[in-house]
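Colleague: task: produce atomic coordinates for the following.
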Amino acid sequence: MPKARMVNMAGVEIGEYELSEAVFGIEPNEVVLHDSVVNYLANQRQGTQSALTKGEVSYSTRKPWKQKGTGRARAGYTGSPVWRHGGVAFAPKPRDYSYKLNKKTKRLALKSALSAKAADAKIIVVDGLHVDEIKTKIFQKFLETAGVAGKALVITENVDEAVIKSAHNLPGVATTTATIISPYQILCGGTLVVDKAAVQKIEEVFA
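Modeller: Numbers count the residues shown, from 1 in each chain. Below is the predicted model:
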């Protein structure tokens with residue numbers, strides 16, 4: 001049974017939390033994790049790149065010089081792709097790079113990412129993650145006392161504006177909720193600082 005350290009909002013360890021074997025204790029599937037990360041990054045692409053083709057550049061279609069007798073290479077018009085400032089051959093155009101993974105693949109990728117973090121002891125469960133006021137200094141002290149060094153992904157059960165704004169200016173610290181976490185965020189997030197209620201929701205949905 002995988003376990004994680006449990007702390008209170010003072011950052012003091014108060015025991016261990018037993019994680020679900022079905023969600024945090026499986027053998028990570030590297031192939032599925034790779035597919036999930038590639039899918040996530042592809043879906044983030046805006047796809048707004050664009051360039052003009054030879055038919056779209058604003059140049060005269062008049063022949064620059066006669067075909068023969070000048071000693072120069074033959075040229076049809078100044079907007080040719082071989083000319084400076086000419087059109088682009090096979091120019092990129094706006095397109096949608098996003099695609100979907102099936103539901104079973106996404107679930108397996110998420111459980112693989114969570115299991116990898118649990119195996120590396122990179123999960124800290126917080127008994128009642130909340131802040132009474134929006135203060136970056138208070139939240140930073142909590143993370144330091146809890147032993148979080150470097151990057152961290154703070155996961156709450158629902159959207160908590162106080163937690164989000166308190167952690168917003170901390171370098172390397174990101175926030176999300178239990179319902180929208182992705183394998184990419186988990187793998188790149190460093191230590192997972194998870195509210196106890198968020199862990200229970202994740203286990204309820206994915207177990």
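Colleague: list the contacts of residue 112.
Modeller: Listed by Cβ atoms under 8 Å, 6 or more residues apart in numbering, the contact partners of residue 112 are 26, 28-30, 32-33, 183. (Glycine included, C-beta is placed from N, CA and C.)
Colleague: tell me the pLDDT of residue 199.
Modeller: Looking at residue 199, its pLDDT stands at 92.
Colleague: that one and residue 111: what is the separation?
Modeller: Residue 199 sits 13 Å away from residue 111, going by Cβ to Cβ, to the nearest Å.
Colleague: for stretch 164-174, the distance to its chain's centre please.
Modeller: Stretch 164-174 sits 16 Å away from the centroid of its parent chain (Cα atoms, centre = their mean, to the nearest Å).
Colleague: for it, which positions count as buried?
Modeller: Neighbour-count burial for stretch 164-174, counted by 16 or more other Cβ atoms under 10 Å, picks out 164, 166-167, 170, 173-174.
Colleague: quick one, helices of this protein?
Modeller: 21-24, 30-44, 103-119, 136-145, 161-167, 183-188, 196-206 (DSSP state H).
Colleague: taking the mean pLDDT, what do you get for the fourth one?
Modeller: I take that to be helix 136-145. Per-residue scores along helix 136-145 average to 91.
Colleague: then the first one?
Modeller: Here helix 21-24 scores 92 as its mean pLDDT.
Colleague: what of the second one?
Modeller: This predicted structure assigns helix 30-44 an average pLDDT of 96.
Colleague: any stretches of this structure with poor pLDDT?
Modeller: Within the chain, no stretch falls below the threshold (pLDDT under 70).
Colleague: so what are the domain limits for it?
Modeller: 3-45+97-206, 47-96 (automatic domain parsing).
Colleague: which one of these is the most hemmed in?
Modeller: For the domains of the chain, the largest average neighbour count (mean count of other Cβ atoms under 10 Å) is found in domain 3-45+97-206, namely a mean of 17.
Colleague: pull the distance from that one to the chain's centre.
Modeller: Going by Cα atoms, centre = their mean, where domain 3-45+97-206 is centred and where its chain is centred differ by 12 Å.
Colleague: ok, now stretch 91-109?
Modeller: Taking Cα atoms, centre = their mean, one finds stretch 91-109 lying 13 Å from the centre of the chain it belongs to.
Colleague: that stretch: end-to-end distance?
Modeller: Start and end residues of stretch 91-109 are separated by 36 Å (Cα to Cα, to the nearest Å).
Colleague: got the contact list for that stretch?
Modeller: Here stretch 91-109 makes contact (Cβ under 8 Å, 6+ apart) with 29, 32-33, 35-36, 39, 42-43, 45, 47-53, 183, 206.
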